[in-house]
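J.: sharing a model that was predicted from the sequence below.
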Amino acid sequence: MSALEIPIDLSSIPQATKDINLRITSIAKIYKDILSKLDDCQIEEIEEAHREPDVFATEISTIGGGVIQIFQIVNENPDLEKKRQAKVHGGDFEMALKRYQGILGQYIKKTNERLGINYKVINPEATETDIEEVRNSDEAPLFFSAPESQPRPDGWHAARKEYMARYTETKKVEERSAELKGWLGAVSEVRSYAEPVDDKLANVQPIDTKIAEVKAIDPRPAEGDKSEELEITKENSETARDAGKVKRRSFKWLNSMKSKLGLGKS
């Protein structure tokens with residue numbers, strides 16, 4: 001079945017967004033509690049504390065993945081009405097994803113700071129660059145496989161265990177953050193939809209522009225242009241008044257001549 005043939009249920013997006021937001025709120029509360037105990041948390045507590053947010057994160061991935069699939073289908077679908085609806089629904093969904101992204105980012109930042117402290121205990125000679133390289137590596141640090149029976153300085157084994165536990169959880173959170181980045185790209189494409197412009201309407205010029213173009217060719221006033229019509233009317237009125245004055249003076253002169261010649265009424 002092609003993307004155009006798959007049913008698109010846009011009406012499910014608002015509820016999906018609501019469900020995701022509820023789980024994000026739950027994760028935010030748990031992560032806040034975890035981060036508040038970075039300095040005094042037992043290994044067992046670290047693993048236990050992450051079980052519930054892992055469940056919520058999996059549910060978010062499932063629900064959100066379904067919405068993203070809908071958006072991807074809409075992006076490939078020529079139905080303009082569906083594109084308009086997806087753009088509207090995409091706003092709230094995008095806000096939820098960005099909120100989730102911020103929570104995950106804060107968790108990663110704070111936990112990485114703690115990993116740096118642990119690593120300095122494990123390897124006191126390590127530089128900030130060394131710490132960064134180990135943290136960003138796709139492979140687990142070599143000390144993960146170090147025998148616990150090997151003599152080490154005080155606190156070394158405890159720091160190693162904590163590092164291993166937090167490192168494992170942080171990698172999972174980083175994967176979720178990477179998934180979100182891809183989702184936001186798909187949502188952005190839906191949100192950037194712009195209404196198509198009608199070619200006929202695009203070629204219609206404002207009436208003022210048309211009048212200006214006509215004047216440039218023919219200086220006579222265009223229909224609807226009252227300013228020059230008023231000037232012409234005023235000029236014609238003044239000419240008519242002047243003509244009337246001349247006519248009246250002519251009648252006065254003629255009557256005067258008739259009187260002098262005795263041609264008045266009998």
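T.: Sure thing, it's come through.
J.: tell me who's in contact with G90.
T.: With Cβ atoms under 8 Å, 6 or more residues apart in numbering as the criterion, the residues that contact G90 are 13, 71, 187, 190-191. (Glycine included, C-beta is placed from N, CA and C.)
J.: typo on my end, it should be R135
T.: R135 sits next to 112, 115-116, 119, 167 when contact means Cβ under 8 Å, 6+ apart.
J.: neighbour-wise, which of the residues you listed leads?
T.: Highest neighbour count within the contacts of R135, by other Cβ atoms under 10 Å: Y119, with 22 neighbours.
J.: in space, what's closest to that one - neighbours in sequence excluded?
T.: Of all residues not flanking Y119 in the chain, I131 sits nearest, at 5.0 Å (Cβ to Cβ, 6 or more residues apart in numbering).
J.: what is the burial count for the one you found?
T.: 18.
J.: so how far is A194 from G66?
T.: 26 Å (Cβ to Cβ, to the nearest Å).
J.: of these two, who's got more company?
T.: Between G66 and A194, counted using other Cβ under 10 Å, the more crowded position is G66 (13 against 7).
J.: how about the more buried one: what's its closest non-neighbour residue?
T.: Distances taken as Cβ to Cβ, 6+ apart place A16 nearest to G66, at 6.7 Å, with adjacent residues excluded.
J.: picking up where we left off before, and the two most separated of the contacts of R135?
T.: Maximum pairwise distance among the contacts of R135 (Cβ to Cβ): 11.4 Å, between G116 and Y167.
J.: any low-confidence regions in the stretch 51-200 of the chain?
T.: 146-150, 195-200 (pLDDT under 70).
J.: can you show me the helices along it?
T.: 51-76, 80-122, 128-136, 156-191, 199-202 (DSSP state H, counting those that start in this stretch).
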